[in-house]
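Peer 1: I would like the atomic coordinates for the input below:
(4 chains)
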Number of protein chains: 2
Amino acid sequence: MVCEFGTNTGRGIPVKATESSYRLRIMDRRTELLKCAENVARRRGYDGFSYADLANDVGIRKASIHYHFPAKADLALALIERYADTFAAALAMIDSTSDIAADRLSAYVQMYRRALSGGNKLCLCVAFAISRDSLSPETLETLDKFHSDSIDWLRQNFELAVDDGSISGVDNPAVEATALLAMVEGAQLMARAAHRVADFDLATQLFLSRLGNP
Amino acid sequence: MVCEFGTNTGRGIPVKATESSYRLRIMDRRTELLKCAENVARRRGYDGFSYADLANDVGIRKASIHYHFPAKADLALALIERYADTFAAALAMIDSTSDIAADRLSAYVQMYRRALSGGNKLCLCVAFAISRDSLSPETLETLDKFHSDSIDWLRQNFELAVDDGSISGVDNPAVEATALLAMVEGAQLMARAAHRVADFDLATQLFLSRLGNP
DNA sequence: TGACACCTACCTACTGATAGGTAATCATAA
DNA sequence: TTATGATTACCTATCAGTAGGTAGGTGTCA
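Peer 2: So this is what the prediction gives:
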């Protein structure tokens, strides 16, 4: 792994040197490529973008991307791993912020809402779910693990809700967990289809109304 | 539109002539292509299949498909139109079968469950939603119309539920309609991700438990 | 201190495969 | 004889990926 704030010494589109010895560049190329690829994958799916698109966006040559990610499968794996890590960190943050199930699950829904980015992006795991046939077994494994980790986290918090009573009518935490994940993913899909974030709010409002009404 | 039971007169992989003058062929080529394309699009998305794949599946040459659908955009439009027609007919059938909102919405959910085909296919509109950027404006328009027609049908039946009391706790039919569509689409996505139809059942069980309990 | 080996991050120029699409032609049924 | 629905043979553009090269930094050892 390249140093996060390492200096850029390559040729091509060079980093502008400042008057000081520091460089302006915030991200290393690899991270920049990952961010860019995540963006486009969440808009157009895995089969919807090419190395050429990516090269154009980032401002290097197509062949140079192969230096960072030899094959597109390597990029896909790195994408889902990075995504899973970021997601896990976000869940840990939610856990540390509140001990009340309703607050945590409300934050969870809000996280999916923010991920919409105004109605034109999906959760990476939704975008990848359609392109399963194009993904490597290793990527699929990581994707499936992300999925089951999500379900586990949700189920634990619905179990918490049974104890703390912060959500009304929770009978079966496992069922609730699956239903909520389906709901937020479906809500994203609808908002993306209509390019209208309000549709996400409509679709989730029924669940959110159960929070804080024990 | 070609005659549904037309004869096949082409060369190449020919239809075997029976002893009688009738042909065994059930579908005309165009319909066969549409069925096949729908199948693969619902598995891999719009960007996930090519004319070459289709030609291989149907058993004619790639160039021959262009006779039926000059451009892939024409195929996409025909796909979504056929899909919308089939869907509308299914909703009309549901309407004619029962006057009770709970029965109708239960049948609606079951329809989405059947569409899963054992956990490896999605509703065409979900598959197309991810590939929006690759679709023509005309196809997008038809897709959006399908979407709003679905919402309308659902809202009407939740309004019916308010009157006939066959579903518990219906306060806002428009909200319920959006939430249910998000739920079934998300449930499909989850079942597809895990290749497990049971996940669809888990995700929808919460809603179905409200039916018939006024 | 300088020489040398090695590393990083790019580059140009290419490959074979595949994408969607076109033109001209041919066989058969009506 | 004409319409239909195929065919072969091709096109151009793009796909992921490779070969080989290069500027410039870094580590090591005499």
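Peer 1: quick one: the helices in chain A?
Peer 2: A:29-44, A:51-58, A:62-68, A:72-97, A:101-115, A:124-130, A:137-164, A:173-194, A:197-208 (DSSP state H).
Peer 1: Output those as a markdown table; include the columns distance to B:Ser117.
Peer 2: C-betas here are computed from N, CA, C, even on glycine. Shown next, in a markdown table, are the helices of chain A (distance: least, CB to CB, whole Å):
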| stretch | distance to B:Ser117 |
| --- | --- |
| helix A:29-44 | 25 |
| helix A:51-58 | 32 |
| helix A:62-68 | 37 |
| helix A:72-97 | 25 |
| helix A:101-115 | 27 |
| helix A:124-130 | 15 |
| helix A:137-164 | 19 |
| helix A:173-194 | 18 |
| helix A:197-208 | 25 |
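Peer 1: which one of these lies closest to B:Leu54?
Peer 2: helix A:124-130 (18.2 Å; CB to CB).
Peer 1: Relative to B:Leu202, which of the helices of chain A is closest?
Peer 2: Comparing the helices of chain A by CB to CB, helix A:173-194 comes nearest, at 4.0 Å.
Peer 1: what about the closest one, average pLDDT?
Peer 2: Here helix A:173-194 scores 95 as its mean pLDDT.
Peer 1: got the angle for that helix vs helix B:197-208?
Peer 2: 90 degrees (axes from the mean of the first three to the mean of the last three CA atoms, to 10 degrees).
Peer 1: helices and strands around helix A:173-194, which ones?
Peer 2: In terms of contacts (3 or more CB pairs under 8 Å, 6 or more residues apart in numbering or on different chains; DSSP states H and E), helix A:173-194 is packed against helix A:101-115, helix A:124-130, helix A:137-164, helix A:197-208, helix B:124-130, helix B:137-164, helix B:173-194, helix B:197-208.
Peer 1: mind running it again at 6 Å?
Peer 2: When contacts are defined as 3 or more CB pairs under 6 Å, 6 or more residues apart in numbering or on different chains; DSSP states H and E, helix A:173-194 packs onto helix A:137-164, helix A:197-208, helix B:124-130, helix B:173-194, helix B:197-208.
Peer 1: now these in CSV, with mean neighbour count and distance to A:Val126?
Peer 2: Below are those laid out as CSV (neighbours: other CB atoms under 10 Å in any protein chain shown; distance: least, CB to CB, whole Å):
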stretch, mean neighbour count, distance to A:Val126
helix A:137-164, 17, 10
helix A:197-208, 20, 13
helix B:124-130, 26, 8
helix B:173-194, 25, 6
helix B:197-208, 20, 14
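Peer 1: Tabulate those helices (JSON lines), appending distance to A:Val170.
Peer 2: Shown next, in JSON lines, are those (distance: least, CB to CB, whole Å):
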{"stretch": "helix A:137-164", "distance to A:Val170": "5"}
{"stretch": "helix A:197-208", "distance to A:Val170": "11"}
{"stretch": "helix B:124-130", "distance to A:Val170": "28"}
{"stretch": "helix B:173-194", "distance to A:Val170": "17"}
{"stretch": "helix B:197-208", "distance to A:Val170": "10"}
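Peer 1: among those, which is nearest DNA strand C?
Peer 2: The closest of the helices and strands packed on helix A:173-194 to DNA strand C is helix B:124-130. By CB to the nearest atom of the strand, the value is 14.4 Å.
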